[in-house]
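Visitor: Provided below for reference: sequence and predicted model.
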Amino acid sequence: MRELSVILQLESHSRFTDLSAVIKERQLRQELSSLEERLSLLDRQLADALHRIHHSRSADLIEKAEQDEKAYLAQLDRLMTRMRAIEGQLLQIDKGATRH
């Protein structure tokens, strides 16, 4: 009887862990999707800044576009770093799922 109790506790813990992993995976995928949308916006903003750098006639506008470009590149770097971290976490979850 004691062995059955231990087995049931282990199964209960396993189900809780599986549910927790599913919830975590869903949250990570949602965050990744949101970051991909942000990446798309940043890409358009960066393209606009580059266009302004190459086609503006005013030195002030070119300087502003260069500042924008620099800010967008810094945001892009942070965004890509976070995306890679999430992808790594998802790979770890996938590896854990294939072990069972």
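Guide: Alright, I've got the coordinates.

Visitor: For the nearest residue to Leu35 once chain neighbours are set aside, the count of nearby residues, please.
Guide: Excluding the flanking residues, the one nearest Leu35 by C-beta to C-beta, 6 or more residues apart in numbering is Met83, at 5.2 Å. C-beta here means a position set from N, CA and C on the backbone, and glycine is covered the same way. Met83 sits with 16 neighbouring residues when counted by other C-beta atoms under 10 Å.

Visitor: Work out for me the element Met83 sits within.
Guide: helix 59-99 (DSSP states H and E).

Visitor: what packs against that helix?
Guide: For helix 59-99, the packing partners by 3 or more C-beta pairs under 8 Å, 6 or more residues apart in numbering; DSSP states H and E come out as helix 2-55.

Visitor: so Arg57, which of the three states?
Guide: coil (DSSP: H, G, I helix; E, B strand; the rest coil).
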